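K.L.:
mind looking at a prediction? Sequence and model below.
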Amino acid sequence: MAVNSSLVNYGFGELPEKRDESRQNNAAYIVIIVLVIIFILIGVIWFDGKEELQSNRIYNHVFSLPIVFVSAFFTKCLMCSFVFFEEWPHIETRYNNSSATCFKHCFQSLSVVELSEIHESTNINVAQGLAWSYFTGYLKIILKDLKGTVEKDRDDDPNGISWKAELNQGNLQCMFYAIVPLNCEIPSKLGDCPIKHKGITFEGKLPTLYVDRAGVKDRPYVNSVYKIDNGKGESKLAICEYVTIIDTLFQMPLCTDIDPQKREEQCRLLVSTLRDLIKEDKDCRNKCKIVTFSGKEDGPLLRDVLLDNIRNVGVQLE
(Lines give C-alpha, C1' and ligand atoms only; values in the text may rest on other atoms or scores of the structure.)
Protein backbone atom coordinates (compact mmCIF):
# COMPACT_ATOMS: atom_id res chain seq x y z
CA MET A 1 0.00 0.00 0.00
CA ALA A 2 1.46 3.34 -1.04
CA VAL A 3 2.19 5.84 1.71
CA ASN A 4 1.16 9.46 1.23
CA SER A 5 4.39 11.39 0.65
CA SER A 6 3.04 14.24 2.80
CA LEU A 7 3.16 11.89 5.80
CA VAL A 8 6.68 10.57 5.25
CA ASN A 9 9.41 12.18 7.38
CA TYR A 10 6.92 14.79 8.61
CA GLY A 11 6.21 16.06 5.10
CA PHE A 12 9.84 16.00 3.99
CA GLY A 13 9.21 12.93 1.81
CA GLU A 14 11.39 9.90 1.15
CA LEU A 15 15.08 10.33 0.48
CA PRO A 16 16.31 9.19 -2.94
CA GLU A 17 18.27 5.95 -2.99
CA LYS A 18 21.50 5.59 -4.92
CA ARG A 19 21.15 4.30 -8.47
CA ASP A 20 22.84 1.06 -9.43
CA GLU A 21 24.56 0.02 -12.67
CA SER A 22 22.19 -2.76 -13.73
CA ARG A 23 20.71 -0.62 -16.52
CA GLN A 24 24.06 -0.23 -18.24
CA ASN A 25 24.78 -3.95 -17.95
CA ASN A 26 21.37 -4.96 -19.31
CA ALA A 27 21.62 -2.46 -22.14
CA ALA A 28 25.08 -3.72 -23.08
CA TYR A 29 23.84 -7.31 -23.28
CA ILE A 30 20.89 -6.36 -25.49
CA VAL A 31 23.02 -4.18 -27.78
CA ILE A 32 25.51 -7.02 -28.24
CA ILE A 33 22.71 -9.46 -29.08
CA VAL A 34 21.17 -7.01 -31.58
CA LEU A 35 24.54 -6.41 -33.26
CA VAL A 36 25.21 -10.14 -33.51
CA ILE A 37 21.79 -10.69 -35.15
CA ILE A 38 22.42 -7.84 -37.61
CA PHE A 39 25.84 -9.17 -38.59
CA ILE A 40 24.40 -12.66 -39.05
CA LEU A 41 21.68 -11.31 -41.34
CA ILE A 42 24.19 -9.29 -43.32
CA GLY A 43 26.46 -12.33 -43.61
CA VAL A 44 23.59 -14.51 -44.87
CA ILE A 45 22.63 -11.92 -47.47
CA TRP A 46 26.28 -11.54 -48.51
CA PHE A 47 26.99 -15.19 -49.06
CA ASP A 48 23.62 -15.96 -50.68
CA GLY A 49 24.00 -13.31 -53.32
CA LYS A 50 27.69 -12.58 -53.41
CA GLU A 51 27.98 -12.09 -57.14
CA GLU A 52 24.86 -9.95 -57.36
CA LEU A 53 25.98 -7.83 -54.43
CA GLN A 54 29.42 -7.30 -55.90
CA SER A 55 27.92 -6.11 -59.18
CA ASN A 56 25.69 -3.58 -57.44
CA ARG A 57 27.97 -1.93 -54.86
CA ILE A 58 26.26 1.48 -54.98
CA TYR A 59 22.87 -0.19 -54.46
CA ASN A 60 24.27 -2.17 -51.56
CA HIS A 61 25.57 0.92 -49.78
CA VAL A 62 22.21 2.67 -50.15
CA PHE A 63 20.41 -0.48 -48.97
CA SER A 64 22.63 -0.72 -45.88
CA LEU A 65 21.79 2.80 -44.66
CA PRO A 66 18.21 1.97 -43.58
CA ILE A 67 19.57 -1.04 -41.66
CA VAL A 68 21.99 1.23 -39.79
CA PHE A 69 19.28 3.78 -38.97
CA VAL A 70 16.79 1.13 -37.87
CA SER A 71 19.45 -0.48 -35.69
CA ALA A 72 20.34 2.86 -34.11
CA PHE A 73 16.67 3.71 -33.50
CA PHE A 74 15.98 0.27 -32.04
CA THR A 75 19.03 0.52 -29.78
CA LYS A 76 17.97 4.00 -28.56
CA CYS A 77 14.48 2.73 -27.79
CA LEU A 78 15.94 -0.12 -25.81
CA MET A 79 18.19 2.25 -23.88
CA CYS A 80 15.25 4.55 -23.07
CA SER A 81 13.19 1.56 -21.96
CA PHE A 82 15.94 0.45 -19.61
CA VAL A 83 16.25 3.98 -18.24
CA PHE A 84 12.49 4.10 -17.58
CA PHE A 85 12.19 0.70 -15.90
CA GLU A 86 15.35 1.20 -13.85
CA GLU A 87 14.05 4.61 -12.72
CA TRP A 88 10.57 3.31 -11.87
CA PRO A 89 11.51 2.33 -8.26
CA HIS A 90 12.50 5.99 -7.68
CA ILE A 91 9.18 7.42 -8.89
CA GLU A 92 8.05 8.45 -5.40
CA THR A 93 11.33 9.86 -4.10
CA ARG A 94 12.42 11.70 -7.26
CA TYR A 95 9.23 12.44 -9.25
CA ASN A 96 6.53 13.04 -6.63
CA ASN A 97 4.80 9.83 -7.74
CA SER A 98 4.28 11.18 -11.27
CA SER A 99 4.80 8.51 -13.94
CA ALA A 100 4.35 11.14 -16.68
CA THR A 101 7.24 13.21 -15.33
CA CYS A 102 9.40 10.12 -15.01
CA PHE A 103 8.54 9.07 -18.60
CA LYS A 104 9.31 12.55 -19.94
CA HIS A 105 12.67 12.75 -18.21
CA CYS A 106 13.74 9.29 -19.38
CA PHE A 107 13.03 9.77 -23.15
CA GLN A 108 14.96 12.93 -23.91
CA SER A 109 18.10 12.94 -26.08
CA LEU A 110 20.26 13.02 -22.95
CA SER A 111 17.75 12.28 -20.26
CA VAL A 112 17.46 14.14 -16.98
CA VAL A 113 18.00 10.76 -15.35
CA GLU A 114 21.33 10.29 -17.16
CA LEU A 115 22.41 13.84 -16.31
CA SER A 116 21.40 13.33 -12.68
CA GLU A 117 23.26 10.03 -12.59
CA ILE A 118 26.39 11.69 -14.01
CA HIS A 119 26.17 14.47 -11.44
CA GLU A 120 25.62 12.11 -8.51
CA SER A 121 28.28 9.60 -9.54
CA THR A 122 30.88 12.35 -9.94
CA ASN A 123 29.78 14.40 -6.88
CA ILE A 124 29.14 17.59 -8.87
CA ASN A 125 25.59 18.28 -7.70
CA VAL A 126 25.01 21.56 -5.86
CA ALA A 127 23.55 19.56 -2.97
CA GLN A 128 26.57 17.31 -2.65
CA GLY A 129 28.98 20.25 -2.69
CA LEU A 130 26.99 21.98 0.04
CA ALA A 131 26.79 18.77 2.07
CA TRP A 132 30.54 18.21 1.90
CA SER A 133 31.20 21.85 2.84
CA TYR A 134 28.88 21.68 5.86
CA PHE A 135 30.27 18.33 6.95
CA THR A 136 33.99 19.09 6.65
CA GLY A 137 33.79 22.74 7.65
CA TYR A 138 31.41 22.43 10.58
CA LEU A 139 30.08 19.03 11.68
CA LYS A 140 33.45 17.29 11.88
CA ILE A 141 34.74 20.15 14.04
CA ILE A 142 31.92 20.38 16.58
CA LEU A 143 31.11 16.65 16.75
CA LYS A 144 34.63 15.32 17.25
CA ASP A 145 34.51 15.98 21.01
CA LEU A 146 30.88 16.97 21.57
CA LYS A 147 30.75 15.27 24.97
CA GLY A 148 33.87 17.10 26.10
CA THR A 149 32.27 20.40 25.10
CA VAL A 150 29.06 19.59 26.99
CA GLU A 151 30.96 18.61 30.13
CA LYS A 152 33.37 21.55 30.07
CA ASP A 153 33.19 24.03 32.95
CA ARG A 154 31.64 27.38 32.10
CA ASP A 155 34.62 29.65 32.71
CA ASP A 156 32.92 32.49 30.87
CA ASP A 157 29.72 32.12 32.92
CA PRO A 158 30.23 30.40 36.30
CA ASN A 159 26.56 30.90 37.14
CA GLY A 160 25.39 29.28 33.90
CA ILE A 161 23.56 25.98 33.59
CA SER A 162 25.62 22.84 34.22
CA TRP A 163 25.05 20.89 31.03
CA LYS A 164 27.12 18.05 32.48
CA ALA A 165 24.56 17.66 35.28
CA GLU A 166 21.69 17.75 32.77
CA LEU A 167 23.51 15.09 30.73
CA ASN A 168 24.04 12.84 33.74
CA GLN A 169 20.39 13.22 34.80
CA GLY A 170 19.20 12.19 31.34
CA ASN A 171 17.59 15.55 30.57
CA LEU A 172 20.05 16.25 27.75
CA GLN A 173 21.50 13.90 25.13
CA CYS A 174 25.02 14.10 23.76
CA MET A 175 23.48 14.47 20.32
CA PHE A 176 23.42 17.32 17.81
CA TYR A 177 20.09 17.76 16.02
CA ALA A 178 20.49 19.38 12.58
CA ILE A 179 17.13 20.65 11.30
CA VAL A 180 16.32 20.60 7.57
CA PRO A 181 12.95 21.90 6.25
CA LEU A 182 12.01 20.75 2.76
CA ASN A 183 10.91 24.27 1.76
CA CYS A 184 14.45 25.46 2.70
CA GLU A 185 13.17 28.49 4.66
CA ILE A 186 15.65 29.12 7.49
CA PRO A 187 14.77 31.67 10.21
CA SER A 188 17.45 33.81 11.84
CA LYS A 189 16.36 32.64 15.30
CA LEU A 190 14.93 29.37 16.56
CA GLY A 191 11.94 29.75 18.87
CA ASP A 192 10.68 33.16 17.74
CA CYS A 193 7.94 32.06 15.32
CA PRO A 194 4.69 31.58 17.34
CA ILE A 195 3.42 28.94 14.89
CA LYS A 196 6.41 27.02 13.54
CA HIS A 197 8.40 27.22 16.79
CA LYS A 198 5.64 26.81 19.32
CA GLY A 199 6.92 25.06 22.44
CA ILE A 200 10.61 25.77 21.67
CA THR A 201 12.51 28.10 23.99
CA PHE A 202 16.18 29.04 24.25
CA GLU A 203 17.82 27.69 27.41
CA GLY A 204 21.47 28.65 26.98
CA LYS A 205 24.72 28.06 25.13
CA LEU A 206 27.28 25.29 25.35
CA PRO A 207 30.82 26.32 26.32
CA THR A 208 32.56 27.93 23.36
CA LEU A 209 34.78 25.65 21.30
CA TYR A 210 37.93 27.34 19.98
CA VAL A 211 39.71 25.88 16.96
CA ASP A 212 42.59 27.22 14.87
CA ARG A 213 41.28 27.13 11.32
CA ALA A 214 42.22 28.63 7.94
CA GLY A 215 44.62 31.14 9.47
CA VAL A 216 42.16 32.27 12.14
CA LYS A 217 43.51 31.82 15.67
CA ASP A 218 40.96 30.43 18.12
CA ARG A 219 37.98 30.58 15.79
CA PRO A 220 34.90 30.26 18.05
CA TYR A 221 32.15 27.68 17.55
CA VAL A 222 29.06 28.12 19.73
CA ASN A 223 26.04 25.81 19.92
CA SER A 224 22.72 26.49 21.62
CA VAL A 225 20.53 24.34 23.83
CA TYR A 226 16.74 24.57 23.58
CA LYS A 227 13.90 23.31 25.71
CA ILE A 228 11.35 21.37 23.66
CA ASP A 229 7.92 21.29 25.34
CA ASN A 230 4.83 19.63 23.85
CA GLY A 231 2.47 21.44 26.22
CA LYS A 232 1.32 18.15 27.77
CA GLY A 233 3.86 17.84 30.53
CA GLU A 234 6.66 16.41 28.40
CA SER A 235 9.81 18.42 27.79
CA LYS A 236 13.38 17.72 26.77
CA LEU A 237 16.58 19.68 26.31
CA ALA A 238 18.28 19.41 22.92
CA ILE A 239 21.35 20.78 21.18
CA CYS A 240 19.79 21.83 17.90
CA GLU A 241 19.88 24.34 15.07
CA TYR A 242 18.92 24.70 11.44
CA VAL A 243 21.41 23.55 8.82
CA THR A 244 22.60 26.96 7.63
CA ILE A 245 23.61 25.89 4.12
CA ILE A 246 19.97 25.06 3.32
CA ASP A 247 19.43 28.81 3.00
CA THR A 248 21.69 28.68 -0.07
CA LEU A 249 19.19 26.40 -1.81
CA PHE A 250 16.41 28.83 -0.83
CA GLN A 251 18.26 31.84 -2.24
CA MET A 252 19.40 30.23 -5.51
CA PRO A 253 15.97 30.11 -7.26
CA LEU A 254 15.78 33.89 -6.83
CA CYS A 255 18.64 34.40 -9.29
CA THR A 256 18.96 31.15 -11.26
CA ASP A 257 16.81 28.65 -13.12
CA ILE A 258 16.40 26.23 -10.19
CA ASP A 259 12.65 25.78 -9.74
CA PRO A 260 10.98 24.67 -6.46
CA GLN A 261 10.79 21.04 -7.58
CA LYS A 262 14.52 21.01 -8.39
CA ARG A 263 15.19 22.68 -5.06
CA GLU A 264 13.32 19.96 -3.18
CA GLU A 265 15.22 17.30 -5.13
CA GLN A 266 18.52 18.97 -4.21
CA CYS A 267 17.42 19.30 -0.57
CA ARG A 268 16.65 15.57 -0.31
CA LEU A 269 19.92 14.70 -2.01
CA LEU A 270 21.79 16.98 0.40
CA VAL A 271 20.24 15.20 3.41
CA SER A 272 20.99 11.79 1.90
CA THR A 273 24.63 12.79 1.31
CA LEU A 274 24.99 14.24 4.80
CA ARG A 275 23.61 11.08 6.41
CA ASP A 276 26.06 8.94 4.48
CA LEU A 277 29.00 11.16 5.43
CA ILE A 278 28.04 11.13 9.11
CA LYS A 279 27.47 7.39 9.13
CA GLU A 280 30.84 6.64 7.53
CA ASP A 281 32.89 8.91 9.84
CA LYS A 282 33.93 7.34 13.17
CA ASP A 283 34.18 10.75 14.88
CA CYS A 284 30.67 11.79 13.83
CA ARG A 285 28.46 8.70 13.75
CA ASN A 286 25.95 8.43 16.60
CA LYS A 287 26.55 12.09 17.48
CA CYS A 288 24.33 13.83 14.92
CA LYS A 289 20.71 13.35 13.84
CA ILE A 290 19.35 15.02 10.70
CA VAL A 291 15.80 16.16 11.50
CA THR A 292 13.66 16.50 8.38
CA PHE A 293 10.16 17.96 8.03
CA SER A 294 8.10 19.92 5.52
CA GLY A 295 8.66 23.37 7.05
CA LYS A 296 5.16 24.48 6.05
CA GLU A 297 2.88 26.24 8.51
CA ASP A 298 0.15 23.64 7.94
CA GLY A 299 2.64 20.80 8.42
CA PRO A 300 3.79 19.07 11.62
CA LEU A 301 5.05 21.35 14.40
CA LEU A 302 8.82 21.36 14.76
CA ARG A 303 8.52 20.65 18.50
CA ASP A 304 6.66 17.39 17.80
CA VAL A 305 9.18 16.38 15.12
CA LEU A 306 12.09 17.08 17.48
CA LEU A 307 10.51 15.19 20.39
CA ASP A 308 9.86 12.17 18.14
CA ASN A 309 13.49 12.19 17.04
CA ILE A 310 14.73 12.60 20.62
CA ARG A 311 12.61 9.63 21.74
CA ASN A 312 13.87 7.46 18.87
CA VAL A 313 17.49 8.35 19.54
CA GLY A 314 16.96 7.69 23.25
CA VAL A 315 15.74 4.16 22.48
CA GLN A 316 18.77 3.54 20.21
CA LEU A 317 21.20 4.77 22.89
CA GLU A 318 19.76 2.53 25.63
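P.N.:
That came through, no problem.
K.L.:
switch to C-alpha atoms for all contacts and neighbour counts from now on
P.N.:
OK.
K.L.:
sheet-wise, list the partners of the helix or strand hosting Arg219 with their directions.
P.N.:
Per DSSP states H and E, Arg219 falls inside strand 216-221. Looking at strand 216-221 with DSSP bridges, its partner strands are strand 209-213 (antiparallel).
K.L.:
touching the partner strand from outside, list them.
P.N.:
142, 149, 217-222 (CA atoms under 8 Å, 6 or more residues apart in numbering).
K.L.:
kindly recompute the last result at 6 Å.
P.N.:
Applying CA atoms under 6 Å, 6 or more residues apart in numbering, the set of residues contacting strand 209-213 from outside is 218-221.
K.L.:
pLDDT on that strand, on average?
P.N.:
Strand 209-213 shows a mean pLDDT of 92 in the predicted model.
K.L.:
try stretch 220-236
P.N.:
Here stretch 220-236 scores 91 as its mean pLDDT.
K.L.:
and the contacts of it?
P.N.:
Contacting residues not belonging to stretch 220-236 are listed as 199-206, 208-210, 237-239, 303 [CA under 6 Å, 6+ apart].
K.L.:
do that again at 7 Å, thanks
P.N.:
171-172, 199-206, 208-211, 237-240, 303-304 (CA atoms under 7 Å, 6 or more residues apart in numbering).
K.L.:
ranges for the strands of this structure?
P.N.:
Ranges of strands in the chain, per DSSP state E, are 172-181, 200-205, 209-213, 216-221, 224-229, 235-242, 288-293.
K.L.:
which parts of the third one are buried?
P.N.:
Yep, that's strand 209-213 we're talking about. For strand 209-213, a neighbour-count test (16 or more other CA atoms under 10 Å) marks Leu209 as buried.
K.L.:
hmm, back to that, now do the buried residues in the strand holding Arg219.
P.N.:
Using 16+ other CA under 10 Å as the test for burial, strand 216-221 gives no buried residues.
K.L.:
again with stretch 276-288
P.N.:
By 16+ other CA under 10 Å, the buried positions in stretch 276-288 come out as 277-278, 283-288.
K.L.:
so what's Lys140 up against?
P.N.:
Taking CA under 7 Å, 6+ apart, we find Lys140 in contact with Cys284.
K.L.:
can you redo the contacts of strand 209-213 as CSV with distance to Cys193?
P.N.:
Shown next, in CSV, are these (distance: CA to CA, whole Å):
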residue, distance to Cys193
Asp218, 33
Arg219, 30
Pro220, 27
Tyr221, 25
